[in-house]
Structure formats: structure tokens, C-alpha cells
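Asks: Here is a sequence together with a model predicted from it:
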Amino acid sequence: MKSAVFIERDGFLVKRINDGQHERAPHRVEELQINQDVLPLLRDIHDAGMLVFATSNQPGIARGEFSRRELDLMHTLIRQKLPIDQFLFCPHDEVDDCPCRKPKPGQFREATFEHRLDINHSYVISDQWQDAAAAQSIGMTSMMVESKQNGTGHRDFVLPSIEAAVSKLLHLHAHQSELFVH
Ligand SMILES: [Zn+2]
């Protein structure tokens, strides 16, 4: 079984858009700013034999702020720059009460089923409590990157940056077989 790393798309793989009041996901290709700094990190994860998934809630689709087609186009462009195995997302809004809107673990569950992932050795990187909650409910390890959006609740590790989070999980991944022996 394969292990995987799930990374929150907005704020890590692409830059969040500052609307003055709050930060949000890019709504169209013209707003898309891909974070190229993570390229070596994603390569390191792949070199360790793990898959990389991008996850995000995209309620802008349910709210009519942008189309599914626009989102697919953005994901195609991101994939041309960053080695992402698959994009997972929730196109619904909170009132839809769907199973895929984080903090529910539907996005993680879907990929686990499709790729037969090893849940106990898969990781979730984000700066938002919703990801840590989803990770906990499915049994993955959460790597919380410090920010104002951390909220409260369970998280397995708190790290100062995505670089530190990837470094930590690669260390854990490399030593998992030893842990079983001792
Ligand atoms: Zn959903």
C-alpha cells in the first residue's frame, strides 16, 4: 500500500487572494499565482515513494462565483508547474451538508479508496483546523503549519513552515519500518 501526503491547495500550492476583508481562493486563471517554492518539497515526497494530493474546499462553485470548468483549468495549469498526483476538492457550500467539505474527511476517503492508501502512514499538511479534524477522523497524521487560521482542536504536529512539515513527515516515513521492529 502507498502512503500519501495531502496538502491544502490554497495558501500552500497557490497563493490566497487578499480581498481586503479576508483571504480567499483564486476564482479565475488570471488570479492564479502558483507557489513554485514548493516544487523541491513535492519532488522529495515523490522520491520517498509517496503520492501527493492537493485538497481544498471550493464553495465558490456552489455560490456561482466561478465555474467547475474554470477550476479544472486552474488545476491543469498548476499541474504543469507542480507534480500533483490528483486534485481533490469540495464544490459544495456549508448548507449542502455534503461528506466532502472539510472538516469532514470525504476528500481523504475518496483518495484512500481509489489509490488503496495506507491511512496510518499518510499525512495532511495545512494551516487550518478543518484539515487536522478531517485527518483525525480518518486516522491520518496532521501536520499543522502555524498561522492565524490554526484554530483549536487536535493536531499531531505543529510546524513553523511547510518545509519543516515535509522534513518532519519524511523523517517519520523513513523510520516507520524501524518503529515496527522495536
Ligand atoms: Zn462537498
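Replies: On my side now, so go ahead.
Asks: Tell me which residues touch W129, please.
Replies: 103, 149-153, 155 (Cβ atoms under 8 Å, 6 or more residues apart in numbering). Quick note: C-beta positions are derived from backbone N, CA and C, even for glycine.
Asks: Let me know the distance separating it from the ion.
Replies: Using Cβ to the ion, to the nearest Å, we find W129 at a distance of 18 Å from the ion.
Asks: now do V166
Replies: 27 Å.
Asks: Just the element for M144, please.
Replies: Element membership of M144 [criterion: DSSP states H and E] is strand 141-145.
Asks: Name every strand pairing with that strand and say which way it goes.
Replies: Strand pairing for strand 141-145, using DSSP bridges, gives strand 123-126 (parallel), strand 157-159 (parallel).
Asks: contacting residues around S137?
Replies: 103-105.
Asks: Let's see which of those residues end up in strands.
Replies: Counting by DSSP state E, no part of those is found in strands.
Asks: Buried subset of the residues you listed, written for ChimeraX?
Replies: Buried subset of these, written as a ChimeraX selection, criterion 16 or more other Cβ atoms under 10 Å:
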select :103,104,105
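Asks: now, which of the contacts of S137 sits nearest L159?
Replies: Using Cβ to Cβ, P103 comes nearest to L159 of the contacts of S137, at 19.7 Å.
Asks: Just the pLDDT for the closest residue to the closest one other than its chain neighbours.
Replies: Residue nearest to P103 in three dimensions, not counting chain neighbours: A133, with 3.7 Å by Cβ to Cβ, 6 or more residues apart in numbering. A133 carries a pLDDT value of 98.
Asks: and A133, how many neighbours?
Replies: 19 (other Cβ atoms under 10 Å).
Asks: just checking, it touches N150?
Replies: No: taking Cβ atoms under 8 Å as the definition, A133 is not a contact partner of N150, at 11.7 Å.
Asks: returning to that earlier point: tell me which of the strands paired with strand 141-145 sits most buried.
Replies: Of all the strands paired with strand 141-145, strand 123-126 has the most neighbours on average by mean count of other Cβ atoms under 10 Å, namely a mean of 28.
Asks: Tell me the first helix or strand C-terminal of that one.
Replies: helix 129-138.
Asks: quick one, that next one and strand 141-145 angle?
Replies: On the basis of axes from the mean of the first three to the mean of the last three Cα atoms, to 10 degrees, helix 129-138 is oriented at 170 degrees to strand 141-145.
Asks: buried sites along helix 129-138?
Replies: 129-136, 138.
Asks: Please state the offset of it from the chain centre?
Replies: 11 Å (Cα atoms, centre = their mean, to the nearest Å).
Asks: same check, this time on stretch 46-66
Replies: With Cα atoms, centre = their mean, you get 6 Å for stretch 46-66.
Asks: Check stretch 17-33 too.
Replies: 18 Å.
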